[in-house]
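Visitor: 3D model of this:
(2 chains)
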Amino acid sequence: MLRRRPHLLWLLVPYVLFVGALPFVNRVRPVVFGLPFLFAWLMGATLLTPLLVWLARRGDKR
Amino acid sequence: MSGDAAIATSVFGVFMVGTVALGLFAVRGGRGGGLAGWSVGGRSLGSVFIWVLMAGEGYTSFSYLGAAGWGYNYGAPVLYVVAYMSCGYAVGYVVGPMLWSYARQHGLVGITDMISHRYGKPWLGAVVAVLATVFLLPYIQLQITGMGVVVSTISYGTISLNWAYFVAFAVTTGFVVVSGLKGSAWVSVLKDVLVIGTLGFLAFYVPFHYFGGYGPFLDRLVAEKSDWLTFPGHGDSGFGQAWYATTTVLNSLTVVIFPTTVAGYLGARDADVLRKNAVWLPAYNILLFVPMLLGMAALFVVPGLVGAESNLALFKLVVDSLPAWAVGVIGVAAALSSIVPMAVFMLVIGTMWGRSVLSLVPRLRERQKGASQVVVVVAGALALLMTYTVPNTLVRLSLISYEGMAQLLPMLLLGLVWRRLTLLAAGSGLVVGVAVVCAFVFSENDPVWGVNAGIVALAANLAVALCVTYAGKGDRDPRPDSEVLASDPLPLPLMESGRV
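Guide: Now for the predicted structure:
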């Protein structure tokens, strides 16, 4: 399936952002717009997830 | 009854009557379609309804109570909820259309039905249905008790816990028995509007009311509560990074085969509705940050909540700072967050029994829908009764619910894409997996070695399934692969361009 639809790999990026990156982002500072870094990072990951799934879908539609 | 209590209770009462009416309105003009018409909405729901329904299912009473309570008690570990829901919804991009087309092709209405079909054994569906019911019943109770404490709090104690439990059961049963998945989708519309509106409002109101703005609130959080803000969180939580990582992976895979999620998938009009939904559904998760952050805000306003009281962290702020009518409206939003998931839980149990268990009785085979509707009432009544009489039994069971359901992953998902997996192998794996979950959880060793015990059980489950498969001879099922396995129906442009 991945050979024909390599764009599905976009769906694994949320795992990288939410899980893989954790050891590097598990910190309070720097503070981003007042938010502790970990919360800011995960909020960013939450906002990016729809975009990543959209990229997978775009690959399917081509 | 004080004036405030009368206002909040009236607002709540009006909305509850409205909820039942809205749920019943969904089936106006004809309620044909048999079991599939009721349990998966006749596979007719478009993008908007599917989004609303699945967002409605995912955002349960836990989101208002547990998420705030975890935020209050531990801080960062609560973020696992956002993590697994986001990752799971992304995985749903592939799994949703796959399950949808399998069910559509073979006329199936749920996961037990799919398992029966995959392995060609009706009794297997019945066994899995009973097991899944054991895992789902505690969730109904969690919704009942969750709604109970909310209603009793927002009515300023006027409505007692026991009455509130009963209202939860009565309102939910009142529409779901008649209108099934469609009714749940319609009620979800009201729910999502209220949830988005009230949480959006609280996200701004609470920090401004108590701290004079977001800046001062967050500054204070960073300065005074920094051990809440990274893993492993405040206190001796036991929920460190390894636990977060394993729980996110396990739950994100489990949520896509969770029977209620699958009910949502199967309700879709076509597979592309589900792909669109997988893009837009994760956006809803941003709302989960609100109760988490406000749970931590409660640390400054109502310090010293312990045990179950911490679950009310958010509502203490609401009752303390807002006028009665607003308290009522927010209470309705939280109550609907119990009602919608509870409706789908009951619906799914009813469907599983009607289709996979009771249909083994020849007399009931022709009356699957009626049998399912009876089971809905029985399952709800049973959960209500157990809430009154033996509440701790279901609380203990709820600890194994998610991790137990995860053990169906090899049998269902792997089975649907890998023909060699035999019934004996998948069954042995399931037995071992569930046994390991029970052993760890009931001996209070979850998390175990710092990781989620469910993932240890899943590894054992998978290992057994693979060993038994490779050790034994293949199955002798004569059906072709196209009949037994699932495939992801590709979007049309790709198929037309001949690139497949």
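Visitor: drop to CA atoms for contacts and neighbour counts, all remaining ones
Guide: Will do.
Visitor: buried stuff in the helix ranked longest in chain A?
Guide: Using DSSP state H, we find that the single longest helix of chain A is helix A:37-61. Neighbour counts over helix A:37-61 (16 or more other C-alpha atoms under 10 Å in any protein chain shown) mark A:37-43, A:45-57, A:60 as buried.
Visitor: check whether that helix contacts chain B.
Guide: Yes - judged by C-alpha under 8 Å from any C-alpha of the partner chain, helix A:37-61 and chain B are in contact via A:38-39, A:42-43, A:46-47, A:49-54, A:57, A:60-61.
Visitor: Now that helix: average pLDDT?
Guide: Averaging the model's pLDDT scores along helix A:37-61 yields 93.
Visitor: Kindly report the same for stretch B:216-232.
Guide: 89.
Visitor: wait, residue B:226 sits on residue A:26?
Guide: No - in this structure residue B:226 lies outside contact range of residue A:26 using C-alpha atoms under 8 Å: 11.7 Å.
Visitor: Which residue does the stretch 301-450 of chain B have closest to chain A?
Guide: residue B:417 (11.0 Å; C-alpha to the nearest C-alpha).
Visitor: What residues does the nearest residue to residue B:33 once chain neighbours are set aside make contact with?
Guide: Nearest residue to residue B:33 in three dimensions, chain neighbours excluded: residue B:42, at 6.4 Å (C-alpha to C-alpha, 6 or more residues apart in numbering or on different chains). Contact analysis of residue B:42 by C-alpha atoms under 8 Å, 6 or more residues apart in numbering or on different chains lists B:33, B:36, B:267.
Visitor: Would you point out which residue is most central in chain A?
Guide: Closest to where the C-alpha atoms of chain A average out (C-alpha atoms, centre = their mean) is residue A:14, at 3.7 Å.
Visitor: Excluding covalently adjacent residues, which one is nearest to it?
Guide: Nearest to residue A:14 is residue B:87, by C-alpha to C-alpha, 6+ apart, at 5.6 Å.
Visitor: which secondary element of chain B has the worst mean pLDDT?
Guide: Scoring the helices and strands of chain B by mean pLDDT, DSSP states H and E places helix B:492-496 at the bottom, with a mean of 49.
Visitor: mind checking how far residue B:61 is from residue B:233?
Guide: Distance, residue B:61 to residue B:233, by C-alpha to C-alpha, to the nearest Å: 23 Å.
Visitor: Ignoring the adjacent residues along the chain, who's closest to residue A:23?
Guide: Counting by C-alpha to C-alpha, 6+ apart, the residue nearest residue A:23 is residue B:241, at 7.7 Å.
Visitor: Apologies, that question was intended for residue B:192.
Guide: Closest residue to residue B:192 apart from its sequence neighbours, by C-alpha to C-alpha, 6+ apart: residue B:56 at 6.4 Å.
Visitor: Tell me the secondary structure at the one you found.
Guide: Per DSSP: H, G, I helix; E, B strand; the rest coil, the local secondary structure of residue B:56 is helix.
Visitor: May I have the residues that are in contact with it?
Guide: B:188, B:191-192, B:337, B:340-341.
Visitor: Of these, which count as buried by neighbour count?
Guide: Among those, those classed as buried by 16+ other C-alpha under 10 Å are B:188, B:191-192, B:337, B:340-341.
Visitor: need the residues of the stretch 51-200 of chain B near chain A, please.
Guide: So far as C-alpha under 8 Å from any C-alpha goes, the stretch 51-200 of chain B lies against chain A at B:82-83, B:86-87, B:90-91, B:93.
Visitor: who wins for most neighbours among the residues you listed?
Guide: residue B:90 (34 neighbours; other C-alpha atoms under 10 Å in any protein chain shown).
Visitor: quick revisit: what's the farthest-apart pair in the buried ones among the contacts of residue B:56?
Guide: The span of the buried ones among the contacts of residue B:56, defined through C-alpha to C-alpha, is set by B:192 and B:341 at 12.3 Å.
Visitor: Could you pull out the buried residues of stretch A:8-26?
Guide: Neighbour-count burial for stretch A:8-26, with 16+ other C-alpha under 10 Å as criterion, is recorded at A:8, A:10-11, A:13-15, A:17-19, A:22, A:25-26.
Visitor: pull the CA atoms of that stretch into CSV?
Guide: What follows is stretch A:8-26 as a C-alpha-only set of coordinates in CSV (Å, rounded to 0.1, in the frame of the first residue of the first chain):
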residue,chain,number,x,y,z
LEU,A,8,0.3,8.1,3.6
LEU,A,9,3.5,8.5,5.5
TRP,A,10,2.2,12.0,6.4
LEU,A,11,-0.1,10.2,8.8
LEU,A,12,2.8,9.1,10.9
VAL,A,13,4.1,12.6,11.4
PRO,A,14,1.6,13.3,14.3
TYR,A,15,3.3,10.4,16.1
VAL,A,16,6.6,12.1,15.6
LEU,A,17,5.3,15.4,16.9
PHE,A,18,3.3,14.0,19.8
VAL,A,19,5.5,11.1,20.9
GLY,A,20,8.9,11.1,19.2
ALA,A,21,9.7,14.7,20.0
LEU,A,22,8.7,14.4,23.6
PRO,A,23,12.2,14.1,25.2
PHE,A,24,13.2,17.3,23.5
VAL,A,25,10.2,19.4,24.3
ASN,A,26,9.5,18.3,27.9
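Visitor: that older thread, among the residues of the stretch 51-200 of chain B next to chain A, which lie within helices?
Guide: If you go by DSSP H, those have B:82-83, B:86-87, B:90-91, B:93 in helices.
Visitor: how about residue 34, what does it touch?
Guide: Since you didn't name a chain, this refers to chain A. Residues in contact with residue A:34 (C-alpha under 8 Å, 6+ apart) are B:214-215, B:218-219.
Visitor: nope, chain B please
Guide: Taking C-alpha under 8 Å, 6+ apart as the test, what residue B:34 contacts is residue B:369.
Visitor: quick one on the thing from earlier: and the residue nearest to residue A:23, what does it touch?
Guide: Counting by C-alpha under 8 Å, 6+ apart, residue B:241 touches A:22-23, B:231-232.
Visitor: Tell me the confidence at the residue nearest to residue B:192?
Guide: So, for residue B:56, pLDDT stands at 83.
Visitor: and if you look at the one 10 residues further on?
Guide: Looking at residue B:66, its pLDDT stands at 83.
Visitor: Any idea how many residues pack against it?
Guide: By other C-alpha under 10 Å, neighbour count at residue B:66 equals 23.
Visitor: what's the closest non-adjacent residue to it?
Guide: Once flanking residues are discounted, residue B:66 sits nearest to residue B:311: 5.4 Å by C-alpha to C-alpha, 6+ apart.
Visitor: okay, now the one you found: neighbour count?
Guide: 26.
Visitor: Might one say that it is in contact with residue B:68?
Guide: Yes - between residue B:311 and residue B:68 there is a contact under C-alpha under 8 Å: 6.2 Å.
Visitor: how far away is residue B:287 from residue B:119?
Guide: 40 Å.
Visitor: mean confidence score for the helix or strand where residue B:80 lies?
Guide: Secondary structure assignment for residue B:80, by DSSP states H and E: helix B:80-106. The average pLDDT within helix B:80-106 is 93.
Visitor: list the buried ones in it?
Guide: Residues B:80-103 are the ones in helix B:80-106 that count as buried (16+ other C-alpha under 10 Å).
Visitor: Tell me which residues touch the residue nearest to the centre of chain A, please.
Guide: Counting by C-alpha under 8 Å, 6+ apart, residue A:14 has contacts A:45, A:49, A:52, B:86-87, B:90.
Visitor: can I assume residue B:290 sits in a helix?
Guide: Yes - with three-state DSSP as the criterion, residue B:290 is located in a helix.
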